[in-house]
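Asks: How does the following fold in three dimensions:
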Amino acid sequence: MLKIVNLLFLILVVVGAAAVYDMKMSTEHLTERVAELQRQIEKEKEDIRWYKAKWSALNQPSRLQGVVDRYNAYLQLEPLGADQITTVDALPVKPVNLQPVSGDPMGGYASRLPAVQ
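Replies: Numbers count the residues shown, from 1 in each chain. I've put the predicted structure just below:
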């Protein structure tokens, strides 16, 4: 009887050790995955910084004026006229949708929104 109990405890220890080893390996795998995702995030942030710098360089007024001067015959751009400027009151009013919207955080009704004038 004692041999059976000892054998049972030995099997439990081996199964427990295997379970702990499996948890350790999965944790290491997840740690590597997190590190890889953090590297990707840093690369994306660096790319965003590069694109913002490039956008800023491309939007320099002196560079844009050079492009306009170079391609003026093709673009046929004209200076902004005073008749092209308008007020907010002159813009057409967008109709308000009064239909219930599913997943709306305001209770499902767009009609609860304040009227736009």
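
Asks: since we're on residue 1, how many residues are nearby?
Replies: Neighbours of residue 1 under the rule other C-beta atoms under 10 Å: 5. Backbone N, C-alpha and C define where each C-beta goes, glycine included.

Asks: how far out from the middle of the chain is the longest helix along the chain?
Replies: Assignment by DSSP state H gives helix 2-58 as the longest helix of the chain. Per C-alpha atoms, centre = their mean, to the nearest Å, the displacement of helix 2-58 from the mean C-alpha position of its chain is 23 Å.

Asks: Show me what whatever helix or strand comes next after it is packed against.
Replies: Using DSSP states H and E, the helix or strand that directly follows helix 2-58 along the chain is helix 61-70. With contacts defined as 3 or more C-beta pairs under 8 Å, 6 or more residues apart in numbering; DSSP states H and E, there are no secondary structure elements packing on helix 61-70.

Asks: Identify all contacting residues around helix 61-70.
Replies: Applying C-beta atoms under 8 Å, 6 or more residues apart in numbering, the set of residues contacting helix 61-70 from outside is 57, 75, 77.

Asks: And it, what's buried?
Replies: Along helix 61-70, no position meets the burial threshold by neighbour count (16 or more other C-beta atoms under 10 Å).

Asks: follow-up on the earlier one: so among the contacts of helix 61-70, where is pLDDT lowest?
Replies: pLDDT across those is at its lowest for residue 77, which sits at 82.
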